[in-house]
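Enquirer: Quick one, what's the 3D model for this:
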Amino acid sequence: MAGSSWFAFFGRDFLAATLGWSAEERGHYITLLVAQWEQDGLPSDMKRLELISPGVAKCWGTLSDKFPVSLNGKLRNTRLEHERHLAQERSERARQSASKRWAKSEKTRSDSVEAAGTEADDARPDSVEAASDESGKQCSEQCGGICSDDAAMTMSYSPTPPTTPPAALGEEIRHGWARLRDAWNAAWGQKRQWRSIEPPPEAVARLSEPGWLAEALKAIPEIKAGMCAGYKTPPTLRQFCGRDKDRGSWVSRMLGGEFTDEVRDQRRFEAKAS
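Expert: Numbering: from 1, shown residues only. Next up, the predicted model:
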């Protein structure tokens with residue numbers, strides 16, 4: 001399922017991508033986008049597509065390039081899946097923010113109770129984790145879990161991310177992505193899972209690099225072991241798969257100790273000394 005009842009719609013992008021189309025073709029296109037969002041993909045069978053958007057078959061010659069076949073055989077618009085990934089990341093950041101607010105509130109409440117010599121209300125959450133879950137529930141009821149500052153719908157131009165259509169991925173990259181996704185989800189449980197079966201473009205690029213997957217599988221459990229202690233929050237999968245053109249891949253930098261507290265403290269000391 002979509003997780004959220006809405007997705008970001010960029011009017012300028014949509015018009016630019018459909019210039020020269022008939023009103024009928026545009027109507028089928030937006031209908032299929034909505035169906036993909038709600039159903040996590042579209043059936044590849046034309047008879048099933050006709051049930052979703054009657055009359056789409058005669059327009060499929062125009063629309064087919066917009067919905068390549070994904071890893072599990074469903075049809076998916078690549079840009080829309082990119083927006084789904086962004087929505088999941090925003091939801092995760094919102095969850096972490098709520099957890100921090102609850103933690104701060106819990107500490108303030110605990111200090112107040114101790115100073116007054118009274119006991120805390122038995123109905124309060126027993127832990128920050130429980131408080132975070134309750135906050136996330138309230139957020140989901142109000143806005144589908146997407147409530148960070150950059151979640152507002154905008155009509156400004158946002159370039160389509162450079163991605164490789166899943167159908168064009170080689171067998172080695174498909175297999176590598178399955179191993180990477182399984183290892184990532186196993187390490188993070190329900191908190192920071194990558195729920196889509198589609199790889200982000202950063203993962204596709206890294207999996208093409210010899211030796212990167214082996215380093216990545218080694219690095220994933222090390223995140224919790226403290227090798228990213230210099231980060232306020234753990235990295236997302238897309239950050240994990242990132243690469244700086246000058247300093248190399250995020251994974252190699254992490255394994256090299258760049259993000260530990262000790263390294264950052266040493267850099268601050270050297271900066272002050274100079």
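Enquirer: who does the strand or helix carrying S105 touch, helix- and strand-wise?
Expert: Here S105 sits within helix 78-116, counting by DSSP states H and E. Under the contact definition 3 or more CB pairs under 8 Å, 6 or more residues apart in numbering; DSSP states H and E, helix 78-116 sits against helix 23-39, helix 128-143. Any C-beta I mention is one placed from the backbone N, CA and C, and that applies to glycine too.
Enquirer: For those helices, which has the smallest mean pLDDT value?
Expert: For the helices and strands packed on helix 78-116, mean pLDDT drops lowest on helix 128-143, to a mean of 38.
Enquirer: ok and the very next helix or strand once past that one relative to helix 78-116, angle-wise?
Expert: Proceeding N to C from helix 128-143, the next assigned helix or strand is helix 171-188, under DSSP H and E. Computed by axes from the mean of the first three to the mean of the last three CA atoms, to 10 degrees, the angle separating helix 171-188 from helix 78-116 equals 10 degrees.
Enquirer: contact partners of helix 171-188?
Expert: 71, 169, 192-194, 197, 199, 203-204, 207-208, 213, 216-217, 220-221, 223-224, 234, 237, 240 (CB atoms under 8 Å, 6 or more residues apart in numbering).
Enquirer: residue ranges with poor pLDDT in the stretch 1-150 of the chain?
Expert: Counting by pLDDT under 70, the ranges of the stretch 1-150 of the chain that qualify are 1-3, 106-107, 109-150.
Enquirer: tell me the domain ranges of this protein?
Expert: Domain assignment for the chain by automatic domain parsing gives 1-161, 169-273.
Enquirer: ok, and the closest non-adjacent residue to R253?
Expert: Take R253 and drop its neighbours on the chain: the residue closest to it by CB to CB, 6 or more residues apart in numbering is R247, 6.0 Å away.
Enquirer: Test my guess that T233 contacts Q96.
Expert: Yes - assessed by CB atoms under 8 Å, T233 is found in contact with Q96 at 5.5 Å.
Enquirer: So between the two, which is more surrounded?
Expert: A side-by-side neighbour count of T233 and Q96, using other CB atoms under 10 Å, places Q96 first with 16 against 13.
Enquirer: thinking again about what came up before, filter the contacts of helix 171-188 down to the ones in helices?
Expert: 203-204, 207, 213, 216-217, 220-221, 237, 240 (DSSP state H).
Enquirer: Among these, which pair sits farthest apart?
Expert: Pairwise distances across the ones in helices among the contacts of helix 171-188 (CB to CB) peak at 22.9 Å, for the pair V204 and P221.
Enquirer: These two: who's more crowded?
Expert: More neighbours surround V204 than the other of V204 and P221, with 20 against 12 (other CB under 10 Å).
Enquirer: And that one, how far from G11?
Expert: 28 Å (CB to CB, to the nearest Å).
Enquirer: now W21
Expert: Distance, W21 to G11, by CB to CB: 15 Å.
Enquirer: which of those two has more neighbours?
Expert: For W21 versus G11, neighbours defined as other CB under 10 Å are more numerous around W21 (16 against 12).
Enquirer: looking at this, the more buried one is in a strand?
Expert: No - using DSSP: H, G, I helix; E, B strand; the rest coil, the assignment for W21 is coil, not a strand.
Enquirer: Skipping its backbone neighbours, what lies nearest it in space?
Expert: Going by CB to CB, 6+ apart, W21 has T62 as its nearest residue, at 6.4 Å.
Enquirer: ok, and for the host helix or strand of that neighbour, which residues are buried?
Expert: Using DSSP H and E, T62 maps to helix 60-63. The neighbour-count check on helix 60-63 (16 or more other CB atoms under 10 Å) flags 62-63 as buried.
Enquirer: swap in stretch 217-226?
Expert: For stretch 217-226, burial by neighbour count (16+ other CB under 10 Å) applies to 217, 219-220, 223.
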